[in-house]
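> Model the following, please.
(one chain, ligands or ions: 1)
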Amino acid sequence: MTIRNLTGPGIGRPRVQKIPGFYGERLIDGVVLKDITLYADERGFLLEVIRMNDNEMKASNIRQIIASYSYPGVIKGWHLHTKQEDRLVCVKGMVKLVLYDYRHNSPTYRQVNEIFMGERYPRAVFIPPGVFHGVKNIGQEIAVVIGMPSLLYDPDNVDEVRVHPLDNDIIPYNWECRME
Ligand SMILES: Cc1cn([C@H]2C[C@H](O)[C@@H](COP(=O)(O)OP(=O)(O)O[C@H]3O[C@@H](C)C(=O)[C@@H](O)[C@H]3O)O2)c(=O)[nH]c1=O
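A predicted model of the protein is given here:
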């Protein structure tokens, strides 16, 4: 059966996840995306957030560990660090982590990555400096993201630039839920 003349606004092809829980042309250079095993039994479940000997995640550079809570629908970001590396693991709820490569000399300059992670898809993400990142709670409950930065937080000298997630002319990304 052939379908003819199905073109026009609102008509297109399905997006295909070449990497599960990921949309983007390719993974941004230097970003590490690592699935985490969930150990479940009748008492509950457990996952290893990170091992301090994990060289892929440069775990030896971790200087502190934070827990960032967000209400359903809230977007935290865009954040950009000049020196700080970040490692993020969502341990409660589900989030969409969006990355935007802002390093002019990067082979993936201006590329966008969408990463879906959390209780239904545990994974750890390493984010190098120079990559904008934002986290949207896409679930119906408070989401908790464990952050493991490579710098101690100094309120008098925060290594972070912030860009409004919905109102900026720097990052071409729409946070709305894509229904197609
Ligand atoms: C990040 C951080 C914040 N704070 C304070 C500063 C501020 O008053 C309050 C809230 O900080 P933020 O607005 O930065 O929190 P939040 O918006 O939740 O952002 C954090 O979320 C994770 C996922 C990230 O990606 C990090 O960039 C981090 O900024 O907590 C600390 O005391 N220590 C810290 O390490």
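
> need the contact list for the residue nearest to Pro14 when sequence neighbours are not counted.
Using CB to CB, 6 or more residues apart in numbering and skipping residues adjacent in sequence, the residue nearest Pro14 is Glu180, 7.3 Å away. Bear in mind the C-beta positions are built from the backbone N, C-alpha and C, glycine included. Applying CB atoms under 8 Å, 6 or more residues apart in numbering, we find Glu180 in contact with Gly12, Pro14, Arg15.

> Specify which member of those residues is nearest to Ser68.
Using CB to CB, Arg15 is the member of the contacts of Glu180 that sits closest to Ser68, with 27.5 Å.

> how far away is the closest one from the ligand?
Note on Arg15: its distance to the ligand, by CB to the nearest ligand atom, to the nearest Å, is 25 Å.

> State the phi and psi torsions of the closest residue to that residue other than its chain neighbours.
Ranked by CB to CB, 6+ apart and with sequence neighbours excluded, the top spatial neighbour of Arg15 is Tyr23, at 5.9 Å. Note on Tyr23: its backbone torsions stand at phi -130, psi 140 [degrees, to the nearest 10].

> Past the helix or strand Ser68 falls within, which element shows up next along the chain?
Assigned by DSSP states H and E, Ser68 belongs to strand 66-70. Using DSSP H and E, the next helix or strand after strand 66-70 towards the C-terminus is strand 75-80.

> which residues touch that following strand?
Contacts to strand 75-80, defined as CB under 8 Å, 6+ apart, come from residues 68, 70, 98, 100, 102, 130-137, 160-166, 168, 171, 175.

> can we see that at 6 Å?
Residues lying outside strand 75-80 but in contact with it, judged by CB atoms under 6 Å, 6 or more residues apart in numbering, are Ser70, Phe132, His133, Gly134, Val135, Lys136, Glu160, Val161, Val163, Pro165, Ile171, Trp175.

> What of stretch 142-156?
With CB under 6 Å, 6+ apart as the test, stretch 142-156 has contacts from 49, 61-70, 84-93, 95, 135, 137, 159.
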